[in-house]
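K.L.:
have a look at this fold, sequence not included:
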């Protein structure tokens, strides 16, 4: 295995691996620059900062200014990565729309601490609407990372992608389940395991959770688990083929139930082949607390997914 990849089973936060992945990519791409709202330490960018200080800009806690600077850098031919908390994306939406979107600029936006992964800091630090907001922006792709090792292929792919991209990271350290052999292509979902009874479409850390739970439930029903790491453009062919094979779909995401993965998959199904489907996501703000306790209380833990699977299996019958 390539030495830059982390060993499977190691506990590591996705946001921590971003810095190493970005450094590896940026060594070969001098046009790549970082503009951050004082989040460099949190996403482990010190190595890049030390090596290329002239390509690292810290705006402080001024996210709207960060987007404006990135727009200017993009006009000059650079590929800027704007790095902030996913929970702060909302305050930048007007600038993303006016400066980046309408001018068709190539800016990569990194939203860290996605969903409730910043669990203990409470609702003000939870990113629950970011995917919905950026999914409504024309010509902006969305990539949601499931595992730290995925970043070593995702970051170069994001850098090379022809349009702006929103890249979502997570805070909580979790066991690594992917290795160097795992494929990654923007717009191409990965089938993690095959089953006949239900298709579980997940993104972010919920991919690893659902793989584990599907294995535990295997004596009762078999599930196909799909890592839909790209919400936009959505991999219609892979998702539709699995949905038609199993006849039932459950989506699982650490995001508000409206406007994210569940909405994207539902829109695709209703236009092509309506099938029994349930969306697992947050329906309100979450409380603060330990990560596992928060996801369970918010309805996106094991019990919430199990209930949705039982519901769609009953709908099939």
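P.N.:
Cool, got the structure. Nothing here was measured: the structure is a model prediction, and the numbers come from that model. Numbering: from 1, shown residues only.

K.L.:
and the end-to-end length of stretch 248-268?
P.N.:
14 Å (C-alpha to C-alpha, to the nearest Å).

K.L.:
so for that stretch, what gets flagged as buried?
P.N.:
Within stretch 248-268, the residues scored as buried using 16 or more other C-beta atoms under 10 Å are 248-257, 259-266, 268. (C-beta placed from N, C-alpha, C; glycine too.)

K.L.:
repeat for stretch 41-49
P.N.:
Residues of stretch 41-49 classed as buried: 42-45, 48-49 (neighbour count, 16+ other C-beta under 10 Å).

K.L.:
state the mean pLDDT of that stretch.
P.N.:
Stretch 41-49 carries an average pLDDT of 97.

K.L.:
can you give the distance from that stretch to the centre of its chain?
P.N.:
20 Å (C-alpha atoms, centre = their mean, to the nearest Å).

K.L.:
what stretches of the protein score poorly on pLDDT?
P.N.:
Applying pLDDT under 70 to the chain flags the ranges 1-2.

K.L.:
which residues of it fall in strands?
P.N.:
11-12, 32-36, 56-58, 79-85, 108-112, 140-144, 164-168, 174-175, 190-193, 198-202, 223-227, 230-232, 249-256, 277-282 (DSSP state E).

K.L.:
and residue 40, what does it touch?
P.N.:
19, 34, 46, 49, 56, 58, 83 (C-beta atoms under 8 Å, 6 or more residues apart in numbering).

K.L.:
I figured the fifth one hits residue 32, correct?
P.N.:
Spelled out, it's residue 56. No - here residue 56 does not reach residue 32: they are 10.7 Å apart, not a contact under C-beta atoms under 8 Å.

K.L.:
who's more crowded, these two?
P.N.:
Neighbours of residue 56 and residue 32, each counted by other C-beta atoms under 10 Å, are more numerous for residue 32; the result is 22 against 18.

K.L.:
spatially nearest residue to the more buried one (excluding sequence neighbours)?
P.N.:
Counting by C-beta to C-beta, 6 or more residues apart in numbering, residue 32 lies nearest to residue 26, which is 4.5 Å off, once chain neighbours are set aside.

K.L.:
got it, and residue 59?
P.N.:
Residue 59 sits nearest to residue 66 (C-beta to C-beta, 6+ apart), 4.5 Å away.

K.L.:
now do the contacts for the one you found.
P.N.:
Residues in contact with residue 66 (C-beta under 8 Å, 6+ apart) are 35-37, 59, 82, 84, 92.

K.L.:
reformat these as a markdown table; add distance to residue 111 and neighbour count.
P.N.:
Converted to a markdown table, the contacts of residue 66 look like this (distance: C-beta to C-beta, whole Å; neighbours: other C-beta atoms under 10 Å):
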| residue | distance to residue 111 | neighbour count |
| --- | --- | --- |
| 35 | 14 | 24 |
| 36 | 12 | 24 |
| 37 | 11 | 22 |
| 59 | 15 | 21 |
| 82 | 9 | 33 |
| 84 | 7 | 27 |
| 92 | 10 | 25 |
